[in-house]
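Participant: below are the sequence and a predicted model; questions follow.
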Amino acid sequence: MISLQEFYQLLQSNETVEIEFKTARGGLPGNLWDTYSSFANTQGGMIVLGVKEKNKQFFLEGLTHEDILDRKKKLFDCLNNRQKVSANVLRESDVEDLETDGGWVLMINVPRADFRQRPIFINNNPDSVYKREHEGDYLCGTDEVRRMYAEANITESPQDSRILDGFSFEEDIDHPSFQEYKRLFANLQPTHPWASLDGVALLEKLGGYRRDRRSKKEGLTLAGMLMFGKVSSIQDVDCCPAYFPDYREYMSQDPNDRWTNRIYPDGRWEANLFQFFRRVYNRMLESLPNPFVLKDNVRVDESAMHIALREAFVNALIHCDYTMNASIVVCNYRSKFIFSNPGSMLVSLNQYFRGGDSVCRNKALQLMFMEIGTAEKAGSGADKIWRGWKQGNFRNPSIEISDSKIELEMPLVNILSDDVKSELIEHFGKKVSSLSHDKLLVLAACVNDGYVTNFKLQFVLDIHPSDITMLLKELCEDGYLSASGIGKGTKYVLKDTGNALMSPNVEGEKVIDRDENKAFNSNVTSKVSENVASKVSENVASKVSESEKKSKKIQNLYMSICDVCSDEFMSLMDIAPKVGRSLRYLKNNVIPEMVNNGLLVRKYPDVPSHPDQKYKKSAGRI
């Protein structure tokens, strides 16, 4: 049960991708079920009944307790009526009523539906399937609905187990790749019963060749082709025509340069998944610090960071939806790795971070990577990624998911770098240097990510979640943090002291300094070079007529936004937490001005209000 204070904070937060206010004066609103479907099919959210909107502001309707009890009964009546909704994903504890000064409200916490239940549709119409984007509910397209139905049966019929017609082991498999895999497997597991097998016999054990007992059909599977096939065969219209794994390096300091190195199917090598993994993983390792760890007086070259990077890479390969008209893209920037693969996440974000729930879209590919020691099955991948990055003192990875793409970003920036320490001193004064190490890590995470939550900090601090709660409370009481939201969704940001505008680090050289006990540098220096700052001044000076202090803050905000959008198009939902500003403020006061000034460009320039609108820094600006 949330407190009254938490509810008022929720009311002030306005509608978001996970919060929807609705009027309930005349009964259950008709569009309630659109939102129920969209939340259940996406990442869940809260519907609050008893709130009306006027001029983009929200007011309590003054419903009585009897009104609320009536709405609650009708809610569960409809939830258990298959003519209304295809499945009930709510428990009794997911629906709460609360008395406020302006009347009663009903809060409905809609969880993400299990992948076996999706799609959640309404009115007994399988085409009435909704998804949640930004602040609205949108009908899913035919392809999106089809993918949900396919994913509902993923455990019984994995995508990569499909037998391919007209393909053969002799003609379509790249035999050097297969033999290289066999040697690696035999070296790692010399006593394994499969180590003596070869050809189709071994491939069948790995799931790359299958015999269907019912239909008597047999042949290469999609997994076998993806892992060991010739590229021309993989890209055949009857196999995986959109297959195009792409690795790009961006190491130049010139923002106008594209990639500095690229590994992709260019016709010079057989770019199946096995070869792509071998080439790209070794290349990415060069961007990590070389560990020197002794275990039993023997040097260990693979650190937790290496394991985390490998786990992230393999996860992208085995969870990719190869039926979509897109493929895997791996980007290596000077300050981060980004893994992007088509497909939706089969488990909720909470399940993903909690671990233990292993639901893989491509089980045979998972087995193939497991047998050479590069994949896990116990659902511990996320934990390995976050823990490994933590050991390197890097900023926390972040994951963004949609109905068609999963993107994992792994920053190569020290969470307590000298730049971050300087920003904290500039914001709070030298007193901040006297805080405990754990408290400094919390504030540093706020600088780097824009905000923190108790859950995110569990991957940063080696203390119990209840101790994190007490630590956050103390930082709020001492004037370092401000809290917003309710319950587990409470977000904490740096408290505005009026001294400096906090923003994420400018992308640059990766920082691997682990001397966290180094004294703070009292001479605070700007993160942005003088020539860059002067360009910002030229771009915005003519548009700003307020005081010099406010002008400087606006310039800093513009620079921060351009940093966030420097490499790719970003949505407002992406930008807001990274620059420490509200979505509404950016949408109404900042982004349009930056577009007008030529600092940003829209992804959909002809449709400014497009629901998937995103923004990117203009070439050659700032």
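Facilitator: Noted; the coordinates are in hand.

Participant: bridging residues for the nearest residue to Tyr8 once chain neighbours are set aside?
Facilitator: Distances taken as Cβ to Cβ, 6 or more residues apart in numbering put Thr100 closest to Tyr8, at 7.7 Å, once the chain neighbours are dropped. The C-beta positions use only the backbone N, C-alpha and C, and glycine is treated the same way. Note on Thr100: beta-bridge partners by DSSP bridges are Gly103.

Participant: distance check, Thr100 against Gly62.
Facilitator: Using Cβ to Cβ, to the nearest Å, Thr100 is found at 9 Å from Gly62.

Participant: go on, Val314?
Facilitator: 55 Å.

Participant: Gly229 now?
Facilitator: Taking Cβ to Cβ, one finds Gly229 at 66 Å from Gly62.

Participant: more crowded one of Val314 and Gly62?
Facilitator: Val314 (22 against 14; other Cβ atoms under 10 Å).

Participant: what's near enough to touch that one?
Facilitator: Phe277, Phe369, Thr374, Ala375 (Cβ atoms under 8 Å, 6 or more residues apart in numbering).

Participant: helices or strands next to the longest helix along the chain in the packing?
Facilitator: As assigned by DSSP state H, the longest helix anywhere in the chain is helix 548-564. If you count contacts as 3 or more Cβ pairs under 8 Å, 6 or more residues apart in numbering; DSSP states H and E, helix 548-564 packs onto helix 530-540, helix 572-579, helix 591-596.

Participant: average pLDDT for whichever helix or strand comes after the shortest one?
Facilitator: So the one you mean is helix 591-596. Downstream of helix 591-596, the next assigned helix or strand under DSSP states H and E is strand 600-602. Per-residue pLDDT values over strand 600-602 give a mean of 90.

Participant: name the strands paired with strand 600-602 and say parallel or antiparallel.
Facilitator: strand 615-617 (antiparallel).

Participant: give me the buried positions along the partner strand.
Facilitator: Within strand 615-617, the residues scored as buried using 16 or more other Cβ atoms under 10 Å are Tyr615, Lys616, Lys617.

Participant: show me the contacts for Val95.
Facilitator: Lys72, Leu75, Phe76, Leu106, Met107, Ile108, Asn109.

Participant: quick revisit: from the contacts of Val314, which has minimum pLDDT?
Facilitator: Out of the contacts of Val314, that is Ala375, at 76.

Participant: what about the residue lying closest to it once chain neighbours are set aside, helix or strand, and which?
Facilitator: Among residues not flanking Ala375 along the chain, Phe369 sits closest, at 3.6 Å (Cβ to Cβ, 6+ apart). Element membership for Phe369, per DSSP H and E: helix 363-370.

Participant: related to what we said a few turns ago, now tabulate the buried residues of strand 615-617 in JSON lines and tack on pLDDT and distance to Glu407.
Facilitator: Shown next, in JSON lines, are the buried residues of strand 615-617 (pLDDT from 0 to 100; distance: Cβ to Cβ, whole Å):
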{"residue": "Tyr615", "pLDDT": "91", "distance to Glu407": "17"}
{"residue": "Lys616", "pLDDT": "91", "distance to Glu407": "15"}
{"residue": "Lys617", "pLDDT": "89", "distance to Glu407": "19"}
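
Participant: out of these, which one sits closest to Ser161?
Facilitator: Within the buried residues of strand 615-617, the smallest distance to Ser161 is 39.5 Å, found for Lys616 (Cβ to Cβ).

Participant: would you mind measuring from the closest one to Asn81?
Facilitator: 46 Å.

Participant: sorry, back to before: angle of the longest helix of the chain against helix 572-579?
Facilitator: Comparing the axes of helix 548-564 and helix 572-579 via axes from the mean of the first three to the mean of the last three Cα atoms, to 10 degrees yields an angle of 120 degrees.

Participant: and Arg210, bridged to which residues?
Facilitator: Going by DSSP bridges, Arg210 forms beta bridges with Gly219.

Participant: could you count how many residues lie near it?
Facilitator: A count of neighbours around Arg210, defined by other Cβ under 10 Å, yields 21.

Participant: now do the SS call for the closest residue to Leu472 other than its chain neighbours.
Facilitator: Excluding its sequence neighbours, the residue lying closest to Leu472 (Cβ to Cβ, 6+ apart) is Tyr492, at 5.7 Å. Counting by DSSP: H, G, I helix; E, B strand; the rest coil, the backbone at Tyr492 sits in strand.
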